[in-house]
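Chemist: Model the structure of this input:
(one chain, ligands or ions: 2)
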Amino acid sequence: MKSIRLKAYAKVNLSLDVLGKLDNGYHQVEMIMQQIKLSDDVFIRWFPDEDADGISITLKTNRYYLPVDSRNLAYKAAQIMSERVGHGLKGTVRIDIKKNIPVAAGLAGGSGNGAAVLHGLNVLWEAGLNLKKLCSLGAELGSDVPFTIMGQARGNRDLIKVFGKDPMATTCALAYGTGTELKPIKPLESPILLSKPPLSVSTAEVYQGLDKEAIEKRPDNKAMEEGLLAGNIDIVKKNMVNVLEGYTLSHYKQVKETKEKMIEVCPGASVLMSGSGPSVFAVSQDREELERGYKELKEINEETYLTRTIV
Ligand SMILES: C[C@](O)(CO)[C@H](O)COP(=O)(O)OP(=O)(O)OC[C@H]1O[C@@H](n2ccc(N)nc2=O)[C@H](O)[C@@H]1O
Ligand SMILES: Nc1ncnc2c1ncn2[C@@H]1O[C@H](COP(=O)(O)OP(=O)(O)OP(=O)(O)O)[C@@H](O)[C@H]1O
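Modeler: Ligands and ions are numbered 1, 2, ... in the order given. Predicted coordinates:
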């Protein structure tokens, strides 16, 4: 038996712009994504068995409501690896996921689980796929998967050994196209307060909702990138804009209330919704302010975390 244990980190969108809509219904985005320390634990084991009839996959998670078949991105990732690089292999892939990242939260939790399985089987099966190839397989799973592949290559010791010198192994990137084209950027170094109201929001619904509304304020991603490069957190804070906020905040009262509360209790922070929501996060140099905010937000939303970015 061979095994690997990987951390699948969550992401926040420091900015998110939508530039247009493609014929297939997907949207053209331009956004800056940053990996944070909040993570799921993904344990992958490979039991070779010469008598087996090909590769079988089993999956367990600590969230009873999550599917454990091909509807789960981790399971689907194992299927993709079996099809593409598993020729001639016989045995069982066992995946155990301990979820800490809130589900359907705008934090790429499921995407990260899929990414970890792609990475894990690449190592266990000695498939030798580079980051570019892993990202292209990841794009078949979901728009956020390639970024989580890059971030994990930087945030896991076993993967740093393999990809340490690859400039794509980074925890911050400008994502464009449908979100799967990535350009590494110098990461943000900051504590992060994160809070998710007890509801889930469909990403598809939010993108479709945006089609019917005018975008009021767009992020200046160039300025944000320069701020990151200069390590100037004030410039980063000033440019935190997410065009998906308009729809989610106006349709989900608890998300708006969470954002308003965070602004009230962390006046020195910049507060933004991540992805399509409903998670809201705050960036501030003042950790004590975020600690105070954590206590207040925890009273409202059980799923509240004080974490930090990974550089
Ligand atoms: C909102 C973000 O999380 C920001 O990072 C991503 O853009 C969405 O990433 P994701 O959840 O991995 O998205 P996917 O699973 O690929 O797509 C979910 C749904 O979102 C919509 N979608 C997604 C990405 C994109 N560029 N345009 C879209 O319109 C599509 O309706 C799609 O059916
Ligand atoms: N391994 C997984 N973990 C969590 N959800 C999963 C997983 N596999 C599939 N899903 C499904 O995906 C949906 C979205 O969950 P996820 O936690 O990935 O959302 P998210 O954080 O909003 O993702 P994103 O930020 O990429 O849009 C859930 O409703 C869930 O049923």
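Chemist: Report the beta-bridge partners for residue 56.
Modeler: Judged by DSSP bridges, the bridge partners of residue 56 are residue 92.
Chemist: any idea of the pLDDT on it?
Modeler: We have a pLDDT of 98 for residue 56.
Chemist: mind listing what it touches?
Modeler: Taking Cβ atoms under 8 Å, 6 or more residues apart in numbering, we find residue 56 in contact with 91, 92, 93. Yep, even glycine has a C-beta here, placed from its N, CA and C like the rest.
Chemist: which among those residues end up buried?
Modeler: Among these, those scoring as buried are 91, 93 (criterion: 16 or more other Cβ atoms under 10 Å).
Chemist: so which of the contacts of residue 56 comes closest to ligand 2?
Modeler: residue 93 (14.6 Å; Cβ to the nearest ligand atom).
Chemist: Could you report the neighbour count for the closest residue to residue 63 other than its chain neighbours?
Modeler: In space, residue 63 comes closest to residue 99 once its chain neighbours are excluded; the distance is 5.2 Å by Cβ to Cβ, 6 or more residues apart in numbering. Using other Cβ atoms under 10 Å, residue 99 has 18 neighbouring residues.
Chemist: Double-check residue 99 against residue 107; I have them as touching.
Modeler: No. Between residue 99 and residue 107 there is no contact, the gap being 11.1 Å when judged by Cβ atoms under 8 Å.
Chemist: who touches whichever residue of the stretch 1-150 of the chain sits closest to ligand 2 in this structure?
Modeler: Closest residue of the stretch 1-150 of the chain to ligand 2, Cβ to the nearest ligand atom: residue 110 (2.6 Å). Going by Cβ under 8 Å, 6+ apart, residue 110 touches 72, 73, 74, 103, 142.
Chemist: Please repeat the previous calculation with a cut-off of 7 Å.
Modeler: Residue 110 sits next to residue 73 when contact means Cβ atoms under 7 Å, 6 or more residues apart in numbering.
Chemist: And what about residue 32, helix, strand or coil?
Modeler: The three-state assignment at residue 32 reads strand, by DSSP: H, G, I helix; E, B strand; the rest coil.
Chemist: rewinding a little: what about the residue of the stretch 1-150 of the chain closest to ligand 2, which SS state?
Modeler: Counting by three-state DSSP, the backbone at residue 110 sits in helix.
Chemist: And the pLDDT for it?
Modeler: 98.
Chemist: do residue 216 as well
Modeler: As predicted, residue 216 sits at a pLDDT of 86.
Chemist: distance of it from ligand 1?
Modeler: From residue 216 over to ligand 1 the distance is 18 Å, taken as Cβ to the nearest ligand atom, to the nearest Å.
Chemist: Spatially, what comes nearest to that residue if we skip its sequence neighbours?
Modeler: Using Cβ to Cβ, 6+ apart, the closest residue to residue 216 is residue 246 (6.4 Å).
Chemist: Tell me, how many residues neighbour the one you found?
Modeler: Residue 246 has 18 neighbours, counted by other Cβ under 10 Å.
Chemist: for it, helix, strand, or coil?
Modeler: When classified by three-state DSSP, residue 246 comes out as helix.
Chemist: I'd say it and residue 212 touch.
Modeler: No. Counting by Cβ atoms under 7 Å, residue 246 does not reach residue 212; the two are 10.8 Å apart.
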